[in-house]
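Visitor: Compute the structure for the input listed below.
(chains A and B)
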There are 2 protein chains.
Amino acid sequence: MATLIEVTDAADVRLADYRDLRDVALRKHLEAEHGLFLAEGEKVVRRAVEAGYSPRSFLMAPRWLDGLADVLATSDAPCYVVSEALAEQVTGFHVHRGALASLRRTPLPSVASVLDSAQSVLVLEDIVDHTNVGAILRSGAALGFDAVLLSPRCADPLYRRSVKVAMGAVFSLPWTRLPSWDTALPDLSGAGFTTVALTLAPDAVAIEDAVRGLDKVALVLGSEGHGLSSRWESAADRRAIIPMAAGIDSLNVAAATAIACYVTSKRD
Amino acid sequence: MATLIEVTDAADVRLADYRDLRDVALRKHLEAEHGLFLAEGEKVVRRAVEAGYSPRSFLMAPRWLDGLADVLATSDAPCYVVSEALAEQVTGFHVHRGALASLRRTPLPSVASVLDSAQSVLVLEDIVDHTNVGAILRSGAALGFDAVLLSPRCADPLYRRSVKVAMGAVFSLPWTRLPSWDTALPDLSGAGFTTVALTLAPDAVAIEDAVRGLDKVALVLGSEGHGLSSRWESAADRRAIIPMAAGIDSLNVAAATAIACYVTSKRD
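Guide: Reported below is the predicted structural model:
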C-alpha cells in the first residue's frame, strides 16, 4: 500500500518530479536525467501501472484518492496528498484530470524484440510534435498495428502530452527507437516487411493499391514540415499517396496515418 | 499599401489585438468583443487576406516584411513593425512562424447558402478542442468535402490554434454555425442529405457499408469526451462505426473523421 503523505509546502523537494509541467525544455531535461515520466488522470495512471511501469510517487488531492485506491494498494511508493491549489502551484496549471504519477522509465526494447511476430508496423521519421506522436500511437493501436519504430529525432512517446493523447496506447503497443537511422528501411525489408512510404513523390501509387496483397507491411511516415527524407523515400519498397482534392497541400500527418492504417488494416 | 509604423513600447495601445495570445479566456473575450481573429505565419496571413478577410492591422519583425510585401501592398491597414523581442513580450510567446495579422470577422453565412450545391458535408456536435476543429476542417477540405456545420458549442474555427492547424482550410471550406441544434439533422434529411452518425451504437454498421451508394451525405461527428448526444445519434438516418482492434476504446475524433471522410470520398 502506498504511503499517504500530506504536503502543504509547494517548495517541498519531494514534489520535484511534478514541477512546472508546462515548461517543455525543463521537463525534457528533468525527465531524461531522472529516468522518469509523468502520467496524468486516473485512467492513464492506472494503465501505466498495469502495464508494469513502477511508480516513483503519486501526487493527488484528497478527493482523487478513492478512484485510485486499488492502484495505490499495489504500490510501495509515496503518495503525496495536496490541495488542488497546491497541485496547481507546483505543476503550473489547473490539474483538472486529477491524479498524477511519476513513473520509472524502463530500458527500450530491441528492434528485433518489438518486431517479433509483428505483421503491421509503423515507422516514424522525425515526427517532432508530441500530440502527433500520441495520436499516431492511438490510431495504430486502434487499427490493429503491432509495433512502432521511431527515428532518433521523433518526439518522446512518454512525454506527458504524448501519453495523454495516446490514451494508454503508448503502454499497450510495443515501440522502440531505431538505433540506426540510415539502414532502418533496408533492415525491415530484410526482415520480410514490405516498406510503404507515405509521400507526394511522383511515382507514388494510391495507398490501397500499394498495400494490396501484402503480408508483413511497414508504413513509413515522415515529419510534419517536410515529409520524408529523400533517403527514406527512395529506400522504401513502395511509395504511396492518399488521393486528395485539388489545391490542398497535404493532410496532417496524424490524419494521414489514421487513413493509411485503416486502409492497411483492411487490405485484401 | 499598408502603412509601416515602428513601435518600440510593448505597452502601446495600438498592439492591443496581439496581447497574451496564449491566454485562451482573455482571447475569446477580446476577439468576440472586437469581432477579430488572428492569423499567424506568412502562409496563413496570405490565405486569410486572399479569402477576403479585411485586416485591422499587421504585426511583424523587419525581416518578415519582404515575404508579405505583396499582401501588404493590397491593404490600407497599419503594419506595426517591432523587434522579435517586443513581439514576444506582447504576445507572450516566441513568434517563430513570423508575421501576425488581426483580421475582421465577417457575419456567418446561412446554413442554406453553405449547403447550396454541396454534396458531402461534415456536421460537428460540440467538438470543443481547437486543435480537433482545425484538423477536421483540414481533412474535410483535403478529402473533397464541400461544407461544415457546427453545433453552437463547437470550438471557434477562427481561433488562432484552429486556424493554424487547419492550414488555411478554414478560409477555403464553407462553414457556419447551426442556429437550431435540435432540428439540425431532420433539416438536413429534409434537404436531401443522408445523415450518417459516427458512433459506437449497437446498430452501427461499418462506415463503408453506411455510405455506399449515397448521393448527398452528411457525416455527423460527436464530441471528444462522450461522443454524440443520444438525440443526434438517434436522429441520424444511419449509424456507422470504424471497425477497431479489440480492447481499444475509440479513435481520436480527428483521426476518426479523417478515416470517415476518406471512405466517404471513395464511396461507390
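
Visitor: beta partners of residue A:38?
Guide: On the basis of DSSP bridges, residue A:38 is bridged to residue A:102.

Visitor: wait, what's in contact with it?
Guide: The neighbours of residue A:38, taking C-beta atoms under 8 Å, 6 or more residues apart in numbering or on different chains as the test, are A:17, A:18, A:21, A:27, A:31, A:100, A:101, A:102, A:103, A:160, A:163. The C-beta positions use only the backbone N, C-alpha and C, and glycine is treated the same way.

Visitor: low-scoring stretches of the stretch 1-150 of chain A, by residue?
Guide: Filtered on pLDDT under 70, the stretch 1-150 of chain A yields no residues whatsoever.

Visitor: ok, which residues in chain A are in contact with chain B?
Guide: A:131, A:135, A:138-139, A:141-144, A:165, A:167, A:169, A:172, A:242-245, A:247-252, A:254-259, A:262-263, A:265 (C-beta under 8 Å from any C-beta of the partner chain).

Visitor: Now, of those residues, which are buried?
Guide: A:131, A:135, A:138-139, A:141-144, A:165, A:167, A:169, A:172, A:242, A:244, A:248, A:250-252, A:254-259, A:262-263, A:265 (16 or more other C-beta atoms under 10 Å in any protein chain shown).

Visitor: can you tell me which of those are in helices?
Guide: A:131, A:135, A:138-139, A:141-142, A:165, A:169, A:172, A:254-259, A:262-263, A:265 (DSSP state H).

Visitor: residue ranges for the strands of the stretch 1-150 of chain A, please.
Guide: Along the stretch 1-150 of chain A, the segments classed as strands by DSSP state E, counting those that start in this stretch run A:3-6, A:36-40, A:55-60, A:78-81, A:100-104, A:120-124, A:147-150.

Visitor: wait, which of these is closest to residue A:221?
Guide: strand A:120-124 (5.4 Å; C-beta to C-beta).

Visitor: If you count contacts, what does the strand or helix carrying residue A:208 end up packed against?
Guide: Taking DSSP states H and E as the criterion, residue A:208 maps to helix A:207-211. If you count contacts as 3 or more C-beta pairs under 8 Å, 6 or more residues apart in numbering or on different chains; DSSP states H and E, helix A:207-211 packs onto strand A:194-198, strand A:238-241, helix A:253-265.

Visitor: average pLDDT for the first one?
Guide: Strand A:194-198 shows an average pLDDT of 97 in the prediction.

Visitor: Any idea how far that strand is from the middle of the chain?
Guide: In terms of C-alpha atoms, centre = their mean, to the nearest Å, the centre of strand A:194-198 is found 21 Å from the chain centre.

Visitor: can I see the domain layout of chain A?
Guide: A:3-104, A:111-265 (automatic domain parsing).

Visitor: Determine which stretch of those domains is the most buried.
Guide: domain A:111-265 (a mean of 20; mean count of other C-beta atoms under 10 Å in any protein chain shown).

Visitor: Quick check: end-to-end length of that domain?
Guide: End-to-end distance of domain A:111-265 (C-alpha to C-alpha, to the nearest Å): 22 Å.

Visitor: which residue ends up closest to the midpoint of chain A in space?
Guide: residue A:157 (3.0 Å; C-alpha atoms, centre = their mean).

Visitor: Assumed that residue was part of a helix.
Guide: No - applying DSSP: H, G, I helix; E, B strand; the rest coil, one finds residue A:157 to be coil, outside a helix.

Visitor: gap between the closest residue in space to residue A:134 that isn't next to it in sequence and residue A:148?
Guide: Leaving out its chain neighbours, the residue that sits closest to residue A:134 by C-beta to C-beta, 6 or more residues apart in numbering or on different chains is residue A:165, at 2.9 Å. As judged by C-beta to C-beta, to the nearest Å, residue A:165 and residue A:148 stand 14 Å apart.

Visitor: Could you check how far residue A:164 is from chain B?
Guide: Per C-beta to the nearest C-beta, to the nearest Å, residue A:164 is found 11 Å from chain B.

Visitor: again, but for residue A:187
Guide: 26 Å.

Visitor: so who does that residue touch?
Guide: Applying C-beta under 8 Å, 6+ apart, the residues near residue A:187 are A:111, A:180.

Visitor: does it count as helix, strand or coil?
Guide: Under three-state DSSP, residue A:187 comes out as helix.

Visitor: For it, give me the pLDDT.
Guide: Note for residue A:187: predicted pLDDT of 95.

Visitor: same thing with the one 4 residues further on?
Guide: According to the prediction, residue A:191 has pLDDT 95.

Visitor: can you pull the contacts of the nearest residue to it once chain neighbours are set aside?
Guide: Excluding its sequence neighbours, the residue lying closest to residue A:191 (C-beta to C-beta, 6+ apart) is residue A:115, at 6.2 Å. Counting by C-beta under 8 Å, 6+ apart, residue A:115 touches A:121, A:147, A:149, A:188, A:191, A:193.

Visitor: now the fourth one: how far from residue A:221?
Guide: For residue A:188, the distance to residue A:221 equals 13 Å [C-beta to C-beta].

Visitor: Please apply the same query to residue A:189.
Guide: 17 Å.

Visitor: repeat for residue A:21
Guide: From residue A:21 to residue A:221 the distance is 28 Å (C-beta to C-beta).

Visitor: same thing with residue A:128?
Guide: 12 Å.

Visitor: Give me the distance from the helix holding residue A:208 to the chain's centre.
Guide: The answer for helix A:207-211 is 26 Å, by C-alpha atoms, centre = their mean.

Visitor: got a list of contacts for it?
Guide: So helix A:207-211 is contacted by A:196, A:198, A:204, A:217, A:238-242, A:259-260, A:263-264, A:267 (C-beta under 8 Å, 6+ apart).
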